[in-house]
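> this one's sequence-less:
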């Protein structure tokens, strides 16, 4: 009923929403926004199949997280230079490795 | 009484507060996000230590917003919007460090006053709430929906959003042990296995406050951060406690406003600081100075938004209703430790007292960390987003996956709700 009330009250605005969506889509940073969603979905999809190759080791998380962090970082970077890429590469390697170690050994939580 | 005060407990409070300040200090990152991605770390810590970490993150996250608000004129969190009004003009005059100290002390006082309210009222309210039947619980939920409608710019959409939330929470089996009929509700064919227990709360919240926040930044093209050159601190600018002379009423009133707003479900820190700031300006002898670098404005804003923290815990601990988004996440933290918040929580010996003690120690840690952490926090404001965001995304995945001890559907829940909230 609430939805129906909103539909009736805002019918003109809802009918004109196509133009608003087109404007939003035109203004957005498409490579970064859609790229983040795509990378995230690929990351989620790949984690379990990769992890199944080495069951109960959490290596699926580790192996998929390193390229994911590096790829997303490169996507978010404004000036892609070696000076900026090297710290990102270090974080992409060290971050997931540390998290994997933390959850696998001290916390005993199995990752994919 | 002091059996919980161990070196680990104190370290977690200090560490949590410091990390919270870092999150609050980076525009686009919030206390809620800090709590969301740190939840899995509390598994192995136990109730007291886990809460020490999370509550430290909560208060630190709220306090940290003052750093970019004063140094850059950009609120780190929505609750620091009014801090920019007077903090940034002070920084431009070369009084940045003095403004930071005023904000830190005001935050501390606001937190302590809200703690007093939490200590005094939560047990009483919980004792009262334990007598509530389904009728009273229904009326509380109705009250929460009314508040949402009143605060929303569009009343109809506000109620619709609340009802939509209830609709989503109904998905799954209404368990016989909870008084239900054991039948599936609102589950599409083929999804029975996954949605048997409905959507887990925490992956939903991590998606809404973690993934969605980063997607919003990505949509804007991940705005370039600030460099150290943009920050004019005016180190060792004159600071004297005399600035607080005549501000006792402002401090207490703003803290009380923040605490009261915190108690109301769903209102949030930005409303607390705005109401406190407006009141300080209205009752000031020199309202014309507000917005031009008036310390009373920073005092009102920061004591107001920190007053919120204790207030938001009152309905959480006594009624089981979160005061804001961060305390909604804390429900999950309690659940992970097998503690049911609300009136029943009061019946578990010592729990309220433990939470209050965590809050008290956290406020002490807050003041210490804020003062000692200034140079570090100033540096944090300039950390590049292209390094932070991917790591946060990864931590969101870890958080969602480990909440129910390794269910991949929770990660997809995070994706569904995160993308839905980010795509708007």
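That came through, no problem. These numbers were taken from a predicted model, which means no experiment stands behind them.
> quick check, central residue of chain A?
Residue closest to the average C-alpha location in chain A (C-alpha atoms, centre = their mean): residue A:40, at 3.2 Å.
> need the pLDDT of residue B:382.
At residue B:382, the pLDDT value in this model is 72.
> er, residue B:352 I mean
For residue B:352, the predicted pLDDT is 52.
> the residue nearest to the centre of chain A against residue B:394, yeah?
No. In this structure, residue A:40 is not within contact of residue B:394 by C-beta atoms under 8 Å, at 10.1 Å. Placement of C-beta: from N, CA and C, glycine included.
> okay, and the common contacts of these two?
The contact sets of residue A:40 and residue B:394 overlap at residue A:68 (C-beta atoms under 8 Å, 6 or more residues apart in numbering or on different chains).
> where does pLDDT dip in chain A?
Along chain A, the model assigns pLDDT under 70 to no residue.
> again, 90 this time
Under the criterion pLDDT under 90, the flagged ranges of chain A are A:1-28, A:55-56, A:78-81, A:83-84, A:99, A:102-112.
> list the contacts for the residue nearest to the centre of chain A?
Residue A:40 makes contact with A:68, A:72, B:211, B:393, B:415 under the criterion C-beta under 8 Å, 6+ apart.
> which residues touch residue 33?
Here I'm looking at chain A. Contact partners of residue A:33, counting by C-beta under 8 Å, 6+ apart, are B:215, B:218-219, B:422.
> right idea, wrong chain: chain B
The neighbours of residue B:33, taking C-beta under 8 Å, 6+ apart as the test, are B:23, B:209-210, B:213, B:392.
> ok, and of the residues you listed, which contact chain A?
Counting by C-beta under 8 Å from any C-beta of the partner chain, the subset of those that neighbours chain A is empty.
> and these as JSON lines, adding neighbour count and distance to residue A:48?
Converted to JSON lines, these look like this (neighbours: other C-beta atoms under 10 Å in any protein chain shown; distance: C-beta to C-beta, whole Å):
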{"residue": "B:23", "neighbour count": "28", "distance to residue A:48": "30"}
{"residue": "B:209", "neighbour count": "25", "distance to residue A:48": "25"}
{"residue": "B:210", "neighbour count": "28", "distance to residue A:48": "21"}
{"residue": "B:213", "neighbour count": "22", "distance to residue A:48": "26"}
{"residue": "B:392", "neighbour count": "20", "distance to residue A:48": "22"}
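> confidence-wise, which of the residues you listed comes last?
In this model, the minimum pLDDT among these belongs to residue B:209 (77).
> figure out the helix or strand that the spatially most central residue of chain B lives in.
Central residue of chain B (C-alpha atoms, centre = their mean): residue B:326, 4.0 Å from the mean position. Applying DSSP states H and E as the criterion places residue B:326 in helix B:325-336.
> what do you get for residue B:254?
Assigned by DSSP H and E, residue B:254 falls in helix B:248-263.
> tell me how far that helix is from the chain's mean position?
17 Å (C-alpha atoms, centre = their mean, to the nearest Å).
> that one packs against which elements?
Applying 3 or more C-beta pairs under 8 Å, 6 or more residues apart in numbering or on different chains; DSSP states H and E, one finds that helix B:248-263 makes contact with helix B:96-129, helix B:269-283, helix B:295-319.
> would you map the helices across chain A?
Here chain A has its helices, by DSSP state H, at A:2-9, A:11-15, A:17-27, A:30-53, A:59-76, A:82-104.
> now the contacts of residue A:33 in JSON lines, with distance to residue A:56, neighbour count and pLDDT?
Shown next, in JSON lines, are the contacts of residue A:33 (distance: C-beta to C-beta, whole Å; neighbours: other C-beta atoms under 10 Å in any protein chain shown; pLDDT from 0 to 100):
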{"residue": "B:215", "distance to residue A:56": "32", "neighbour count": "23", "pLDDT": "90"}
{"residue": "B:218", "distance to residue A:56": "34", "neighbour count": "25", "pLDDT": "90"}
{"residue": "B:219", "distance to residue A:56": "38", "neighbour count": "20", "pLDDT": "90"}
{"residue": "B:422", "distance to residue A:56": "33", "neighbour count": "21", "pLDDT": "75"}
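> all set, thanks.
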